[in-house]
Each structure stands twice: as C-alpha cells, then as structure tokens.
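S.K.: the sequence and its predicted three-dimensional model are supplied below.
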Amino acid sequence: MRRFPIIIVVALVCIATAFVPRQQTKVDPWKPEQLMEPAALADVLKSNTATKPLVICVGPSGVISGSVETGPAGKPENLTKLKNLLVSQPKNREIVLYCGCCPFEHCPNVRPAFTLLNDMHFAHPYLLNLSHNIKTDWIDKGYPVH
C-alpha cells in the first residue's frame, strides 16, 4: 500500500518535467581561434605594410574604417548581398565579419553570416570579438572609424 503514493509522486514528477522547456544550446559556427580581438584588427588597419583583410559589417551600422556594409545578415535579402559580395573574393582571402549591435549570444546577424562563410569554404574567416557592442569595444577605444 505504501508503494502506491511513491509511484504517484514519481509519475507526477516525470509528467511535470516533461513540460518544462529545455534550453537549447547554441552551437556557434566559429571556433575560438576564429575570434579576432579588436586591438589586433585595429593594428592591421592602421599599418601601412600589412595586407588588409576584407572587413564586412553584417549588422545595422558599419563604422569601422574601410569596412563594407551588407546590412543585417539576419534578413535573407542581406545574407544574399553578403553572398554576392563574397563570390568574387579569393577563397584564401582573410575575411573579418562584425556586427556589434549586441553581445553574440543575442545577435541575430553573426551566426547566419559566419555560417555562410563556412559554407563557401573560405580558408581564413574571422569574427571580430565584440563582446559588448561596437561602441564599447571599438569606438570608445579610439579604433579607426569612417
């Protein structure tokens, strides 16, 4: 007779946990070594001798000096613009993407853009490591802007 309440409690716990939403883990399409620090990119952009990467803004506001804007990559039409820009680039070209609208975990733009770079088999894709936003991690540090 004592088993019956235990079985009911176990069944209720199982039922209750079945309806609790589980947090999906996002798998980032970039590897840690593909994150480029802002200071490193700023040094390359300021250098007169270094070969410059193609720097592409995949967010709402391209402010980095020399960068190309394709618009927020979270929108399909802008992802198409990015693809059209990339098809003319050599596969061994260093490409640096950035958004800067918000931290990566909330950003709707960096994952689709970086996934596209991977799908197009670029050998040197990078994501600018803007852990907060473009203002805090780039502009406020005095790095080159348009």
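M.R.: Now that the structure is in, tell me what you want to look at. Since the structure is predicted, the reported quantities are computational estimates derived from the model, not experimental observations.

S.K.: okay, now the unreliable bits of this protein?
M.R.: 1-26 (pLDDT under 70).

S.K.: can you tell me the SS state at residue 100?
M.R.: coil (DSSP: H, G, I helix; E, B strand; the rest coil).

S.K.: show me the contacts for it.
M.R.: Residue 100 is in contact with 57, 59, 61, 63, 128, 130, 133-135, 137-138, counting by Cβ atoms under 8 Å, 6 or more residues apart in numbering. (C-beta placed from N, C-alpha, C; glycine too.)

S.K.: what's the spacing between it and residue 76?
M.R.: According to Cβ to Cβ, to the nearest Å, residue 100 and residue 76 sit 21 Å apart.

S.K.: same deal with residue 126?
M.R.: 23 Å.

S.K.: neighbour count: the two, which is higher?
M.R.: Between residue 126 and residue 76, counting by other Cβ atoms under 10 Å, residue 126 is the more crowded of the two (22 against 9).

S.K.: which stretch of helix or strand covers that one?
M.R.: strand 124-128 (DSSP states H and E).

S.K.: buried residues in the following helix or strand past that strand, which are they?
M.R.: Scanning forward in sequence from strand 124-128 by DSSP H and E, the next helix or strand is helix 134-137. By 16 or more other Cβ atoms under 10 Å, the buried positions in helix 134-137 come out as 134, 137.
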